[in-house]
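Please work out how this folds:
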Amino acid sequence: MSDQTNLTNYSGGKKAWPVYITIGNLPSTIRNRPGSMAIVLLGLLPILPKLAKSSRADKLQRMINADTLSGVFKLIFAPLNSAVREGARIDCADGKIRRCFPIMSGCIAHHMENITLHGIKSNASPKCEVPPEELGIRAGHHGARDYARFERYQCENPSLDSETDDTAHARHTNETHGIKRGQNVFQGLVRVSTPDLHKPDMLHAIYLGLFKHMMNWIQGFLKKHARQQAFDDARKALPPYPEFFVPKKAYREVTQWQGKEMRNLGRCLLGVLAVALRQPDSTQVQPFRRALTCVRSLLDFTMMAQY
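Numbers count the residues shown, from 1 in each chain. Predicted structure coming up:
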């Protein structure tokens, strides 16, 4: 798993791009506990400069950036590939030492990191070759993305700037399938299916993405119907419960939300909203019913996405 992080806005805005590793069959209650040391830092990736121009020098710099990132990942994955081929002696829970073959099973990262690591465009899927206009509609009807085929295209056509028939065909293939210049850093891993490595990032996709978008809509809906104060009063009146934190501020008073706070909000949102929308007048009955149905459906989706 990886997550590019902004460390400070001072001294030029320092950033870090850490890469972590963990064991796949650990219970989430153990993995998410900081004191368990279930997640180990492997290294820090180089944060490559963003290039907006399309000059020949910038294209060369993009190729250098892609090769640099690929070279760092080869160093990171070298011990893992060795352990997959030859096995590694690992201490087991029953006190015995066994020869195990750890295989990389997934990589969690937000979408912009995924497109960088997989070498694809921002409107492409890391898992399959669905066209951008069919995302979310017919994604299941398309086959898995064949990264090895596109790597062969790049090896056979190192320069896509010429005007030969082969390079024109390669450019058209890349455009059609959402491939950009650069290598997939996971290509070459032993016994690993590259399209299956992509896993949903609950923090960015659900809690800081869908939840925040939904809450902005809810706040506008409550303000339109003069129910914001009722919503805040209902949230603050919630009793304490194990692993549930009673909110002390109104939603609109919090400037920055974290994943655990959004997750905590999701546990009580539907009930609090139902209390805030009680006793509607004749013109509010239908909008309130549709709003509750919408929020309930989105919360059901977030619960299913955790599996």
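
helices or strands up against the strand or helix carrying Leu299?
Applying DSSP states H and E as the criterion places Leu299 in helix 285-305. Packing partners of helix 285-305 (3 or more Cβ pairs under 8 Å, 6 or more residues apart in numbering; DSSP states H and E): helix 211-224, helix 269-276. All C-beta spots, glycine's among them, are computed from the backbone N, C-alpha and C.

how much distance is there from stretch 18-34 to the middle of the chain?
Stretch 18-34 sits 16 Å away from the centroid of its parent chain (Cα atoms, centre = their mean, to the nearest Å).

So which bits of it are buried?
By 16 or more other Cβ atoms under 10 Å, the buried positions in stretch 18-34 come out as Val19.

what does that stretch rub up against?
For stretch 18-34, contacts defined as Cβ atoms under 8 Å, 6 or more residues apart in numbering pick out 1-3, 5, 36, 38-45, 76, 105-106.

Just the buried residues of these.
Buried positions within the contacts of stretch 18-34, assessed by neighbour count (16+ other Cβ under 10 Å), are Met1, Ser2, Asp3, Ala38, Leu42, Leu45.

how would you label the fifth one: helix, strand or coil?
What it means is Leu42. In three-state terms, and counting by DSSP: H, G, I helix; E, B strand; the rest coil, Leu42 is strand.

highest average neighbour count across the helices and strands packed on helix 285-305?
helix 269-276 (a mean of 18; mean count of other Cβ atoms under 10 Å).

That helix: how far from the chain's middle?
With Cα atoms, centre = their mean, you get 29 Å for helix 269-276.

ok, back up a step: any chance of the helices and strands packed on helix 285-305 in TSV, plus mean pLDDT and distance to Val130?
Compiled in TSV, these are given as follows (pLDDT from 0 to 100; distance: least, Cβ to Cβ, whole Å):
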stretch	mean pLDDT	distance to Val130
helix 211-224	92	22
helix 269-276	94	31
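
Could you pull up phi and psi at the nearest residue in space to Pro102 that is not next to it in sequence?
With sequence-adjacent residues excluded and distances taken as Cβ to Cβ, 6 or more residues apart in numbering, Pro102 is closest to Ala83, at 5.5 Å. Phi and psi for Ala83, reported as degrees, to the nearest 10, are phi -70, psi -30.

give the contact list for Ala83.
Cys100, Phe101, Pro102.

how much space is there between the nearest residue to Leu277 once chain neighbours are set aside and Arg99?
In space, Leu277 comes closest to Phe288 once its chain neighbours are excluded; the distance is 4.5 Å by Cβ to Cβ, 6+ apart. Distance, Phe288 to Arg99, using Cβ to Cβ, to the nearest Å: 62 Å.

quick one: which of those two has more around it?
Phe288 (21 against 9; other Cβ atoms under 10 Å).

Angles on the backbone of the spatially most central residue of the chain, please.
The residue lying closest to the centre of the chain (Cα atoms, centre = their mean) is His110, at 2.6 Å. Main-chain dihedrals, His110, degrees, to the nearest 10: phi -80, psi 170.

who's in contact with it?
Asp3, Asp201, Leu203, His204, Ala205.

How about the contacts made by the third one?
Listed by Cβ under 8 Å, 6+ apart, the contact set of Leu203 reads His110, Gly259.

So which residues of the stretch 101-250 of the chain form helices?
Taking DSSP state H, counting those that start in this stretch to define them, one finds helices in the stretch 101-250 of the chain at 111-118, 147-156, 165-177, 211-224, 228-236.

Which one of those has the poorest average confidence?
Mean pLDDT values for the helices of the stretch 101-250 of the chain show the minimum at helix 165-177, a mean of 62.
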